[in-house]
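Asker: requesting a structural model of the entry that follows:
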Amino acid sequence: MKISTKGRYAVRVMFDLALHNSGECIKVKEIASRQGISEKYLEQIIAVLNKAGYVRSIRGAQGGYRLTRDPEDYTVGMILRLTEGSLAPVACLDGNADECDRSDTCETLEVWKNLYDAINQVVDNVTIADLVTSRKKRLENLDYSI
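Answerer: Numbers count the residues shown, from 1 in each chain. Okay, here's the model as predicted:
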């Protein structure tokens with residue numbers, strides 16, 4: 001399973017909004033510049049995040065985007081499921097798929113279930129706040145090593 005650029009960039013956008021949250025709205029141009037993402041593609045991703053209620057759009061000269069909740073309230077898993085859909089490694093574990101007629105005799109099903117559980121365990125236990133904290137700690141360590 002591969003996470004698409006849309007999913008990876010959506011996590012980066014949410015991280016950027018949390019990291020640079022000063023109470024002011026953040027413009028797409030600023031996020032695009034910091035994250036190295038084209039503004040046009042970023043606008044498509046932000047539209048998905050906005051429609052889901054993860055970010056709020058403010059129009060006007062002082063407008064831009066901001067998170068609608070605290071960074072602790074967003075997990076990487078929430079964002080990836082929004083942009084990627086199911087994170088199941090095989091179709092038979094996808095909640096929308098018809099049950100496989102081989103599930104009773106499938107020798108590999110347990111492997112795929114364990115993989116799916118491991119994926120969910122990781123992405124559902126890392127928040128955007130965790131990513132911000134990690135960045136700040138890394139920057140502090142760089143300051144001490146100079």
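Asker: if you count neighbours, what's buried in stretch 125-138?
Answerer: Using 16 or more other Cβ atoms under 10 Å as the test for burial, stretch 125-138 gives 126-129, 131-132. Quick note: C-beta positions are derived from backbone N, CA and C, even for glycine.
Asker: just put those residues in JSON lines and tack on distance to residue 2 and secondary structure.
Answerer: Converted to JSON lines, these look like this (distance: Cβ to Cβ, whole Å; DSSP: H, G, I helix; E, B strand; the rest coil):
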{"residue": "126", "distance to residue 2": "18", "secondary structure": "coil"}
{"residue": "127", "distance to residue 2": "23", "secondary structure": "strand"}
{"residue": "128", "distance to residue 2": "22", "secondary structure": "helix"}
{"residue": "129", "distance to residue 2": "26", "secondary structure": "helix"}
{"residue": "131", "distance to residue 2": "20", "secondary structure": "helix"}
{"residue": "132", "distance to residue 2": "25", "secondary structure": "helix"}
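Asker: between these, which sits nearest residue 55?
Answerer: residue 128 (11.4 Å; Cβ to Cβ).
Asker: so that closest one touches residue 71, yeah?
Answerer: Yes. Counting by Cβ atoms under 8 Å, residue 71 is a contact partner of residue 128 at 4.1 Å.
Asker: check the contact lists of these two and give me the overlap.
Answerer: Common neighbours of residue 128 and residue 71 are listed as 14, 18 (criterion: Cβ atoms under 8 Å, 6 or more residues apart in numbering).
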